[in-house]
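Novice: Got a sequence here, can you build the structure:
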Amino acid sequence: MIVVTGGAGFIGSNIVKGLNDMGEDNIIIVDSLDNPAKHLNLNKLKYNDFIDKRDFLSVLKEDRFFIKVFFHEGACSNTMETDGRYMMRNNYEFSKELLHYSMERGARFIYASSASVYGNGDEGFAESPECEYPLNVYAFSKFSFDNYVRRIKNAGTQVAGLRYFNVYGPQENHKGKMASVAFHFFSQHKEGTKVKLFEGSEDFRRDFIHVNDVVAVNMFLYENSNVSGIFNCGTGKSRSFADIAEVFRTRYGKAFESEIIPFPEQLKGKYQKYTQADLINLRKAGYANEFLTLEQGVGAYLEVLEMTGGYIK
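Specialist: Reported below is the predicted structural model:
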């Protein structure tokens, strides 16, 4: 049995699709459908059962399943959340409980961390404490769990964390304000309004990674149970928000219009202006695949948005 927490979410549902493509469907999806739109992410997936996140720990204690692997993707991913107690209970304490269950029973544990732990990135983006300084409580929750994992000397099973950089691609429709820049640009363009770029967007550079590449890294860990550790999951290349707008402009020509808007006050001091994954450790672990370029990835995503509205079908 494979468990995917957050399996109705953006990355989680794509991981389920990746497992399905490998012939795996003995899968339990753990999530909450408080946002009912997330059910659309499940419509074309194959899985054995769905369990509400709030019930999952009590179900685990019944020992009804033999779980061989956890893909722990479930979390509150709202970087603007201000309730620190909720964030730590949801992202940190819950993760610890699942980790200890895994170690006690020898189940493998592959989990989602975040590049947000690097803060403004002044010290670089290597998987090292010297580079880490979270700027918000979401980043702190991920930082705290990574450090908890680091303190475990002998887990007795695979424990691997992936620090996702700026992920975009199908199945993120439900994320609202937290959806990718590419999704928001497409939504604005489709509505016939000018696409809004923050002032200085040509200087805001991020490591944008297509969700298919994220899934590929997860499947690499799934197929290589000897690989443990915390690894960056990005392309290793930094591109600007203006570069994304240029991909749109190339595709849609004169139909694509944009405008510059002031940078929001509420994001000042909490916004990563530059990210670029250091891939040395991931490559040393044996991951050799090339990543989609921004042009390839955004182009592929736009095709899905145009054909299916952004869903796997």
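Novice: where do the strands sit along the stretch 101-250 of the chain?
Specialist: 108-114, 159-164, 166-168, 195-198, 205-206, 208-210, 229-233, 239-240 (DSSP state E, counting those that start in this stretch).
Novice: Starting from the fourth one, tell me which strands it pairs with and how they run.
Specialist: Pointing back at strand 195-198 there. strand 258-261 (parallel) (DSSP bridges).
Novice: returning to what we had before: including mean pLDDT, could the strands of the stretch 101-250 of the chain go into JSON lines?
Specialist: What follows is the strands of the stretch 101-250 of the chain, written out as JSON lines (pLDDT from 0 to 100):
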{"stretch": "strand 108-114", "mean pLDDT": "98"}
{"stretch": "strand 159-164", "mean pLDDT": "98"}
{"stretch": "strand 166-168", "mean pLDDT": "97"}
{"stretch": "strand 195-198", "mean pLDDT": "90"}
{"stretch": "strand 205-206", "mean pLDDT": "94"}
{"stretch": "strand 208-210", "mean pLDDT": "98"}
{"stretch": "strand 229-233", "mean pLDDT": "98"}
{"stretch": "strand 239-240", "mean pLDDT": "96"}
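Novice: Need the winner for burial among the ones you listed.
Specialist: strand 208-210 (a mean of 27; mean count of other Cβ atoms under 10 Å). The C-beta positions use only the backbone N, C-alpha and C, and glycine is treated the same way.
Novice: Can you list the strands that it pairs with?
Specialist: As defined by DSSP bridges, the strand partners of strand 208-210 come to strand 166-168 (parallel).
Novice: Could you pull out the helices in the stretch 51-200 of the chain for me?
Specialist: 53-61, 84-88, 94-105, 137-150, 181-190 (DSSP state H, counting those that start in this stretch).
Novice: average pLDDT across the second one?
Specialist: Summarised as a single mean, pLDDT over helix 84-88 is 96.
Novice: go on, stretch 132-150?
Specialist: Across stretch 132-150, the average pLDDT comes to 96.
Novice: For that stretch, what is the distance to the chain centroid?
Specialist: For stretch 132-150, the distance from its own C-alpha centre to the chain's C-alpha centre is 15 Å (Cα atoms, centre = their mean, to the nearest Å).
Novice: now stretch 150-158
Specialist: Distance, centroid of stretch 150-158 to centroid of chain: 23 Å (Cα atoms, centre = their mean).
Novice: any weak-confidence spans in the stretch 1-150 of the chain?
Specialist: Along the stretch 1-150 of the chain, the model assigns pLDDT under 70 to no residue.
Novice: at 90 instead, please
Specialist: Scanning the stretch 1-150 of the chain for pLDDT under 90 picks out 63-65, 76-82.
Novice: Please identify the most buried of the helices of the stretch 51-200 of the chain.
Specialist: Counting by mean count of other Cβ under 10 Å, the most buried of these turns out to be helix 137-150, with a mean of 21.
Novice: What angle do strand 159-164 and that one make with each other?
Specialist: Put simply, helix 137-150 runs at 150 degrees to strand 159-164, going by axes from the mean of the first three to the mean of the last three Cα atoms, to 10 degrees.
Novice: Between the strands of the stretch 101-250 of the chain, which one is closest to S95.
Specialist: In terms of Cβ to Cβ, the element of the strands of the stretch 101-250 of the chain nearest to S95 is strand 108-114, at 6.7 Å.
Novice: Mind listing residues that contact the closest one?
Specialist: Here strand 108-114 makes contact (Cβ atoms under 8 Å, 6 or more residues apart in numbering) with 6, 11, 68-73, 75, 95, 98-99, 102-103, 138-139, 142, 145-146, 155, 157-164, 218, 221-222, 225, 230.
Novice: swap in stretch 179-195?
Specialist: By Cβ under 8 Å, 6+ apart, the surrounding residues in contact with stretch 179-195 are 166-169, 172-173, 175, 196, 208, 241, 244-245, 248, 252, 255-259, 298, 301-302, 305, 310.
Novice: State the distance from the residue located most distally from the centre of the chain to A8.
Specialist: In the chain, K254 marks the outermost C-alpha relative to the chain mean, sitting 33.0 Å out by Cα atoms, centre = their mean. Using Cβ to Cβ, to the nearest Å, we find K254 at a distance of 39 Å from A8.
Novice: ok, now A75?
Specialist: For A75 relative to A8 (Cβ to Cβ), the value is 13 Å.
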